[in-house]
Every structure is written in structure tokens, then in C-alpha cells.
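1. One predicted model, sequence on top.
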Amino acid sequence: MFKHQVCVVGGCGHVGLPLAITFADRGLKTVIYDINEKAIARVARGEMPFLERGAAPRLKKTLNNKKLLVSDNPRVISDSEHVVIIIGTPIDEFLNPRIQDIHRTLKELQKYLKPGQTIILRSTIYPGTTRLVKNLVKNKNIKVAFAPERVAQGYAMEELKSLPQIVSGVDQASATSAEKLFKKIAKDVIVLSPEEAELAKLMTNAWRYIQFAVANQFFTIAEGRGLDFYKIFHAVKHKYPRTADFPSPGFAAGPCLFKDTMQIAAFAENSFFLGHAAMLINEGLPNFIIKQLKENYDLSQKTVGILGMAFKGDSDDRRDSLSYKLKKALEVEAQAVLCTDVYIREAGFDALKTVLKKSDILILGAPHKEYRNLKFRQGSRVVDIWNFYGQGANL
């Protein structure tokens, strides 16, 4: 009945492209549908539009053997047995989930859907969205499932195959269809109800966000009292198994953790107090850094440089990066603010050597590996909340 086994809608992005490549690499006839012309052109040439370890050679391989196709024609959706939709539920200015994106996408795709297909929602969604999609789909002979993405950005090619995959469906046929598909790439598949799967994904990200908040809270307590947090951190963790999962402090950001924590808060009718507390701690870290610096410097007379504007180290993704929040706050306090990143090219950024030369104070925003062996100008202060250089935060 179908020309393709899988169509990944929105398949040129961070979530969709590694998944499409993995399906194709396992021998499934896979097509990517996207509307981003620049990304389509790059992917069709065998070029990754973002950093993803191990993806480039497999992209070229699957394009060459015709297991993977790239298209800007939505009609490829009609030719596909499984339609994986990469669209989540972002939060609005009131920190509530925005469901309108789902309605708009389904309205646009409706005319390309056929009986016998399985729609699989892939991005993080608000609990109840999978059943909502089933109600929005006019053709009742279409199966609807949810299989959340669970990988760490940058490591998808490895983790898609090694991590357990959660799947769910609005009925048994839908769940079974998704389960069979993902067993092609995952060693272990766990079947839940849609609401259980939706909440499992949100809880996973909220759990990480809260863990980072605990570390950041301890960090601000110690450093705010003039103590070296990382000496304490070493003592707490050294050969002590019960603190093995105690994470390091740092900017807890990106397109998922904060957003998904707030989605649980909305689902819990704003009674998720741990989530709100985590948000205040993590989002407040840039201001804490500035507060500590102001105790020792007249920032109005200082040039401050930020090394790394991505939301995490060794990434080219700037979405919801706290380095930008730090930059905005510093622009109110400092004489000048300079920004640089080895992976992100953006108007207003300076070359790394310029930032190193002109900055009185340097703040490590993202611990990229390329910054490991930098030579800093004598007299400049290097703030390292990550302890990337092993000398403490130096606040």
C-alpha cells in the first residue's frame, strides 16, 4: 500500500534527522518531509545542519543507497505507512502549554493522511495531547501513537539504539504498530498508556532539571558565603557511592528542561512547588554571577567577555541558552559585553582572540572542548562556574 515505511515530518531538525537516519540505516525506506529549504538542501547534499556525533557518515550512506530521501513535497506523507510528527507543545508567556501548534499542524496535514497509516507523535507533549490528536484526525481508520524522544542532544545516533524506547497508543492497534516500528531500532521497548507515556517524558526532564537546581542551590549557598564550592563538592563525592549522581553546577538550559518542568506544573494545577523552585534557582544563576562580581568590581568600568553562547558545551544549539540571559543582564551593568562561540556564528559576536584580548573579566558560558587550553591575558579574571579548568568558580 505504501511507498515508504516511515515519513518524518519536520525531519531536518535535532529530533527528526537522527531518527530518520537511524531508521534508514536499519534498512527501512524512510523519507524526510520539511519546509526549511536551507536545511533540506544541506541534508540532501549529505551535510548535517547541526552537530551530531556519528551522524554525517550514516547520512551519506543512507542517501547513497536510497534508503533515505528528502522532500519539501507534503505528498510524500500520503505514501508513508508510519508518519512521525516532530512537533511538541511549547509554553506561552504565562508558562502554560500552547496546544494551538498541534491544531494547526493537524489541519495542514489532514488532507495527506490515508486509512491504514499510523501517526506517531515524537516530541514532548502535554498530557492528553495524543488522544486530542486522535479526535482531530478526521479519518478514524488512522492509528495514533506517542513515542517520546529520550536521547541527549549530540548523542542521538548511539542512544537511539541503546536506550529503552517508550511507546503508547490510543488503542491496542496503535500501540502495537508503534512498538513494532521502534523494535527495528531499539533493543528494549516499554508500552504505556498515552497519558503515562506523556507524563513519563515530562518527569524525566523535570527530574534532571531539579537535580541541576539542587547543585546550583548548593553552589550559590557556598559561593555566596565566600567558600570554595568545588572543594566541598570534591569532599562530598570522593569515593562516596551515595553521592555518585550529584551533578556539577552550571547553566541548566536548552529547549526542554525548563519548558517540560513548567508543563508538569500546569498539569499539576500549579502545585508542583519543586518545579517552580528549580526554575527560580536555575534561571537565577546568571544574576547570582553578576551579584558576586559586583561585590569585587565596578562593572561599569569593565569589559566582560562571555566564552560560549550555546546552551551546553560542545553544542551549536543556542535555544534558551542562559548565556544570552547573562549577556542581557551584563549589558545593564558592564562598560561593554563581548560574546564569542566556536560553533555559533551570529551578528555582533567577536572572534575568540578579540574577546580574550579585550576582556577584563571572562565568564565561561558553555564549556566547549576548544576552550580547554586557552591562554588568558595576564590580569584578566576567569569565572568558571563549571570548574572546567579545575581551579574552582573564581567568583
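-> That came in fine, so what should we check first? Because the structure is predicted, anything quoted here is derived from the model rather than measured. Numbers count the residues shown, from 1 in each chain.
2. For the chain, which segments count as helices?
-> Secondary structure of the chain (DSSP state H): helices at 16-25, 37-44, 55-64, 100-109, 129-136, 156-162, 172-182, 194-224, 229-237, 257-267, 273-283, 285-294, 322-333, 352-358.
3. Check which residues of the second one are buried.
-> In other words, helix 37-44. Residues A39, I40, R42, V43, A44 are the ones in helix 37-44 that count as buried (16 or more other CB atoms under 10 Å). (C-beta placed from N, C-alpha, C; glycine too.)
4. go on, the fourth one?
-> For helix 100-109, the buried set under the neighbour-count rule, 16+ other CB under 10 Å, comprises I102, T105, L106, L109.
5. list the contacts for the last one?
-> Going by CB atoms under 8 Å, 6 or more residues apart in numbering, L109 touches V9, P74, I77, V83, I85.
6. and the residue nearest to the second one when sequence neighbours are not counted, what pLDDT?
-> Leaving aside its sequence neighbours, P74 sits nearest to Y112 (CB to CB, 6 or more residues apart in numbering; 5.4 Å). pLDDT, the model's per-residue confidence, is 96 for Y112.
7. same question, the one 10 residues further on
-> Looking at R122, its pLDDT is 95.
8. measure it to V151 for me?
-> 11 Å (CB to CB, to the nearest Å).
9. the more surrounded of those two?
-> R122 (22 against 19; other CB atoms under 10 Å).
10. Make JSON lines from the helices of the chain and add mean pLDDT and distance to L374 to it.
-> Shown next, in JSON lines, are the helices of the chain (pLDDT from 0 to 100; distance: least, CB to CB, whole Å):
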{"stretch": "helix 16-25", "mean pLDDT": "98", "distance to L374": "31"}
{"stretch": "helix 37-44", "mean pLDDT": "96", "distance to L374": "30"}
{"stretch": "helix 55-64", "mean pLDDT": "98", "distance to L374": "27"}
{"stretch": "helix 100-109", "mean pLDDT": "90", "distance to L374": "41"}
{"stretch": "helix 129-136", "mean pLDDT": "95", "distance to L374": "45"}
{"stretch": "helix 156-162", "mean pLDDT": "96", "distance to L374": "29"}
{"stretch": "helix 172-182", "mean pLDDT": "98", "distance to L374": "43"}
{"stretch": "helix 194-224", "mean pLDDT": "97", "distance to L374": "23"}
{"stretch": "helix 229-237", "mean pLDDT": "98", "distance to L374": "19"}
{"stretch": "helix 257-267", "mean pLDDT": "95", "distance to L374": "28"}
{"stretch": "helix 273-283", "mean pLDDT": "97", "distance to L374": "26"}
{"stretch": "helix 285-294", "mean pLDDT": "98", "distance to L374": "19"}
{"stretch": "helix 322-333", "mean pLDDT": "98", "distance to L374": "17"}
{"stretch": "helix 352-358", "mean pLDDT": "97", "distance to L374": "7"}
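11. deepest of those, which one?
-> Among the helices of the chain, helix 16-25 has the highest mean neighbour count (mean count of other CB atoms under 10 Å), at a mean of 26.
12. Name the residues that touch that one?
-> With contact meaning CB under 8 Å, 6+ apart, helix 16-25 is reached by 5-6, 8-11, 30, 32, 34, 43, 48-49, 52, 55, 58-59, 61-62, 67-68, 84, 86, 122, 149, 151, 156-157, 160-161, 184-185.
13. ok now it, how far from the chain's centre?
-> 17 Å (CA atoms, centre = their mean, to the nearest Å).
14. Need the max-distance pair from the buried residues of helix 37-44.
-> Farthest-apart pair in these is A39 and A44; separation 9.5 Å (CB to CB).
15. that older thread, L293: which of the buried residues of helix 100-109 is nearest?
-> I102 (43.2 Å).
16. wouldn't that closest one be in contact with R131 here?
-> No: with contact defined as CB atoms under 8 Å, I102 does not count as touching R131 (11.6 Å).
17. residue contacts, the closest residue in space to G10 that isn't next to it in sequence?
-> Excluding the flanking residues, the one nearest G10 by CB to CB, 6+ apart is I86, at 3.6 Å. Applying CB under 8 Å, 6+ apart to I86 gives the contacts V8, V9, G10, G11, G13, V15, G16, R122, S123.
18. Would you mind giving the residues you listed as a markdown table with distance to A329 added?
-> As requested, the contacts of I86 are exported to a markdown table (distance: CB to CB, whole Å):
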| residue | distance to A329 |
| --- | --- |
| V8 | 38 |
| V9 | 38 |
| G10 | 33 |
| G11 | 37 |
| G13 | 29 |
| V15 | 30 |
| G16 | 34 |
| R122 | 35 |
| S123 | 30 |
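19. Which of those residues fall within strands?
-> Using DSSP state E, the subset of the contacts of I86 located in strands is V8, V9.
20. Closest one to F229 out of the contacts of I86, please.
-> Nearest member of the contacts of I86 to F229, counting by CB to CB, is V15, at 34.3 Å.
21. Report how many residues lie close to that closest one.
-> V15 has 24 nearby residues by other CB under 10 Å.
22. Test my guess that it contacts R122.
-> Yes: using CB under 8 Å, V15 is in contact with R122, at 6.2 Å.
23. before we move on, the earlier item: output the buried residues of helix 100-109 in CSV, with distance to K239 appended to each entry.
-> Shown next, in CSV, are these (distance: CB to CB, whole Å):
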residue, distance to K239
I102, 49
T105, 51
L106, 54
L109, 55
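24. what two of the residues you listed have the greatest distance between them?
-> Farthest pair in the buried residues of helix 100-109, by CB to CB: I102 and L109, 10.8 Å.
25. how about the nearest residue to Q153, chain neighbours excluded?
-> Closest to Q153 by CB to CB, 6+ apart is H14, at 5.8 Å.
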